[in-house]
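Chemist: 3D model of this:
(chains A and B)
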Protein chains: 2
Amino acid sequence: MKSYEVFKTGIEEGDFRIIARALTLVENDLEPAAALLKNMKIKYEVPVIGITGPPGAGKSTLVNAITGELVSKGHKIAILAVDPTSPFNFGSLLGDRIRMAQQFNNPNVFIRSIATRGALGGISVKTLEMVDLLRAANFDLILVETVGVGQSEVEIAGLADQTVVVLVPESGDEIQNIKSGLMEIAQAFVVNKADREGADTFANNLKKLVHEQHQQIPIFKTVADKNEGIAALCKWLLKGNKQLNERKTLLMAEKAFRIIQHQRMLDIDKTKLREAVNEALLDSNFNIYRFVDSWIKHS
Amino acid sequence: MKSYEVFKTGIEEGDFRIIARALTLVENDLEPAAALLKNMKIKYEVPVIGITGPPGAGKSTLVNAITGELVSKGHKIAILAVDPTSPFNFGSLLGDRIRMAQQFNNPNVFIRSIATRGALGGISVKTLEMVDLLRAANFDLILVETVGVGQSEVEIAGLADQTVVVLVPESGDEIQNIKSGLMEIAQAFVVNKADREGADTFANNLKKLVHEQHQQIPIFKTVADKNEGIAALCKWLLKGNKQLNERKTLLMAEKAFRIIQHQRMLDIDKTKLREAVNEALLDSNFNIYRFVDSWIKHS
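Modeler: This next block holds a predicted model:
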């Protein structure tokens, strides 16, 4: 029996311990991660939903409420929480993780945090791989929660089939500042904390904005910590995006692009490169672009 | 005469209009950007200082004060303001840019904003190239201001020779939450708004922390909007990092790595890739990792 097969079987059977171990292998590029990824059956039909939005919008509370609702209907859920570790975080994200703890002991909910350091391409490929591994298990829905800072639509889109952008009605004016970039990201908007004053105005303005830009993006109003509006949202989530075939190809091509890029990056021998740089720096006319040219030619 | 030579000469002579146009060429990968980068004299001895820190620390005000001080001493300064455009920014950075406007008409100060979309590797390579282009001009100091969210030390370090981390004494406790990651980034700390209550305690605790981790990182106290402590900081900035040779090689190798990565990325024909994905998706057993394998083999 090949070394990846125990993992393959365990993942297909939904064994949480084996899924957790396999995710660790993939996260750290340990054998037999590559063989496992190539040989498992990735169920692209399982909806993978990205949940994003500004800090304080209540993403974790919403994920909690969605999970509670779906589990009560007999579904199995996986949650991947992507924490961008910034040196300026000051550990503020820990609170979110603690809030989610009420789902930790549920046998139908699998939760995993993944810390990403900054922005270098290789790391997010790991996240793609981890999502694909979860698709090979027997979940009905996969939620990927990200903190919405500095992400491009492609980056979020590559992670998930569909992205839900969570907003809060801080003020009626703010809506005018929402960039069109958000429209590119969102396949649905959630106006959370919808019991706040000004929430209706906010949601209506958002609706107008969506309409003006000739988009058809549904807007859900929720009060996540009171479980309001969650059932309607969940119904939409489970439908998935079977219709969006062109978009699916585009996202898949983007994913392939990033995996290829990552593979090629692993080809570069960093020690050799550093030695070559060290030598080249002795030339007082050192120019890094000429150096790179000749390095590519000779390797 | 080769097409890049007009730019080369203009940059060397410090012609702001030509520098601005050349930066646009580099930013958008337009001819003759590549030839220009390879043929210009990059003065690696010009200090490039990264200024980073959490939002609200007063980075722009500090950059303003530093610039004012240096210009009054007869120096020529370039400022590259890196704005990570997040869909959740809500235009909040505009205020910073406006605050910096008092330097806009100074003939010895060149200011350029660069918007980076999210985190994909290619974009930050552009920033590296733009910094190198500024090194080829006749500036005495180049300041690169970044918003400190989700950046890894390598990413910041690759941009600048030395990085100044700006902090504010919000509370005496906060110091305990400063991650050791900050020590890896910082070649100097600035405690700004040092006239606030608790500032001395904050600076002392920071000093202790630096000492405990066996680091030798200077700590400067400033009140940027009153110009206090700026002269001492500027003296340190102008010294540059002539001593740190091993670190210089490391950073240069990291830069080379990212440029190589970027070049290889440009090699991938995205249209061809998308067509191949489109075809491969017809197979109900489609697996993206097997697809990537065969794509790399056949291209």
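Chemist: How about A:Ile217, nearest residue that isn't a chain neighbour?
Modeler: Distance criterion Cβ to Cβ, 6 or more residues apart in numbering or on different chains; nearest residue to A:Ile217, sequence neighbours excluded, is A:Val210 at 5.1 Å. To be clear about C-beta, it is placed using only N, CA and C from the backbone, and glycine gets the same treatment.
Chemist: roughly how far apart are the one you found and A:Asn204?
Modeler: Remark: distance between A:Val210 and A:Asn204 (Cβ to Cβ, to the nearest Å) = 11 Å.
Chemist: neighbour count winner among those two?
Modeler: Between A:Val210 and A:Asn204, counting by other Cβ atoms under 10 Å in any protein chain shown, A:Val210 is the more crowded of the two (18 against 14).
Chemist: How about the contacts made by that one?
Modeler: Taking Cβ atoms under 8 Å, 6 or more residues apart in numbering or on different chains, we find A:Val210 in contact with A:Met183, A:Phe189, A:Gln216, A:Ile217, A:Ile219.
Chemist: Name the member of the residues you listed with the most neighbours.
Modeler: Result: A:Phe189 is most packed of those (other Cβ under 10 Å), 24 neighbours.
Chemist: Not counting its neighbours along the chain, what's nearest it?
Modeler: That would be A:Ile219: by Cβ to Cβ, 6+ apart, it lies 4.6 Å from A:Phe189.
Chemist: quick one: that neighbour and A:Lys207 touch, right?
Modeler: Yes - between A:Ile219 and A:Lys207 a contact is recorded at 5.8 Å, counting by Cβ atoms under 8 Å.
Chemist: Now do the helix ranked longest in chain A, average pLDDT.
Modeler: Using DSSP state H, we find that the single longest helix of chain A is helix A:245-267. Helix A:245-267 carries an average pLDDT of 78.
Chemist: Okay, angle between it and helix B:245-266 too, please.
Modeler: Here helix A:245-267 points in a direction 140 degrees away from that of helix B:245-266 (axes from the mean of the first three to the mean of the last three Cα atoms, to 10 degrees).
Chemist: number of nearby residues for A:Met8?
Modeler: If you look again at residue A:8, you'll see it is Lys, not Met. 19.
Chemist: What pLDDT does the model give the residue nearest to it when sequence neighbours are not counted?
Modeler: Leaving aside its chain neighbours, A:Lys8 sits nearest to A:Met40 (5.3 Å; criterion: Cβ to Cβ, 6+ apart). Model confidence at A:Met40, given as pLDDT, is 94.
Chemist: and A:Met40, what are its phi and psi?
Modeler: Torsion angles at A:Met40 (phi, psi; degrees, to the nearest 10) stand at phi -90, psi 160.
Chemist: Show me where chain A has its helices.
Modeler: A:5-12, A:16-27, A:33-39, A:59-72, A:94-99, A:121-135, A:153-159, A:180-185, A:199-212, A:230-239, A:245-267, A:270-280, A:288-297.
Chemist: pLDDT averaged over the second one, what's the number?
Modeler: What it means is helix A:16-27. 93.
Chemist: And it, what's buried?
Modeler: Across helix A:16-27, burial judged by 16 or more other Cβ atoms under 10 Å in any protein chain shown covers A:Ile18, A:Ile19, A:Arg21, A:Ala22, A:Leu23, A:Leu25, A:Val26, A:Glu27.
Chemist: Nearest to chain B, out of these: which one, please.
Modeler: In terms of Cβ to the nearest Cβ, no member of the buried residues of helix A:16-27 lies closer to chain B than A:Val26, at 10.7 Å.
Chemist: The closest one reaches A:Leu134, doesn't it?
Modeler: No - using Cβ under 8 Å, A:Val26 makes no contact with A:Leu134, being 10.2 Å away.
Chemist: Tell me how far the spatially closest residue to A:Ala57 that is not a sequence neighbour lies from chain B.
Modeler: Spatial nearest neighbour of A:Ala57, excluding adjacent residues (Cβ to Cβ, 6+ apart): A:Val166 at 4.4 Å. Using Cβ to the nearest Cβ, to the nearest Å, one obtains 10 Å as the distance from A:Val166 to chain B.
Chemist: The buried residues of helix A:16-27 into JSON lines, with extra columns for distance to A:Leu266?
Modeler: As requested, the buried residues of helix A:16-27 are exported to JSON lines (distance: Cβ to Cβ, whole Å):
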{"residue": "A:Ile18", "distance to A:Leu266": "26"}
{"residue": "A:Ile19", "distance to A:Leu266": "25"}
{"residue": "A:Arg21", "distance to A:Leu266": "23"}
{"residue": "A:Ala22", "distance to A:Leu266": "20"}
{"residue": "A:Leu23", "distance to A:Leu266": "20"}
{"residue": "A:Leu25", "distance to A:Leu266": "16"}
{"residue": "A:Val26", "distance to A:Leu266": "14"}
{"residue": "A:Glu27", "distance to A:Leu266": "15"}
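Chemist: ok, A:Val190 - contacts?
Modeler: Here A:Val190 is in contact with A:Gly53, A:Leu62, A:Val164, A:Val165, A:Val166, A:Leu167, A:Ile219, A:Phe220, A:Lys221, A:Thr222, A:Leu233 (Cβ under 8 Å, 6+ apart).
Chemist: Equivalent analysis for A:Glu145, please.
Modeler: A:Gly50, A:Ile51, A:Thr52, A:Lys59, A:Ser60, A:Val63, A:Ile79, A:Leu80, A:Ala81, A:Val82.
Chemist: can you check A:Leu80 too?
Modeler: With the criterion set at Cβ under 8 Å, 6+ apart, A:Leu80 makes contact with A:Arg112, A:Ser113, A:Ile114, A:Thr127, A:Met130, A:Val131, A:Leu134, A:Ile142, A:Leu143, A:Val144, A:Glu145.
Chemist: Thanks a lot, see you next time.
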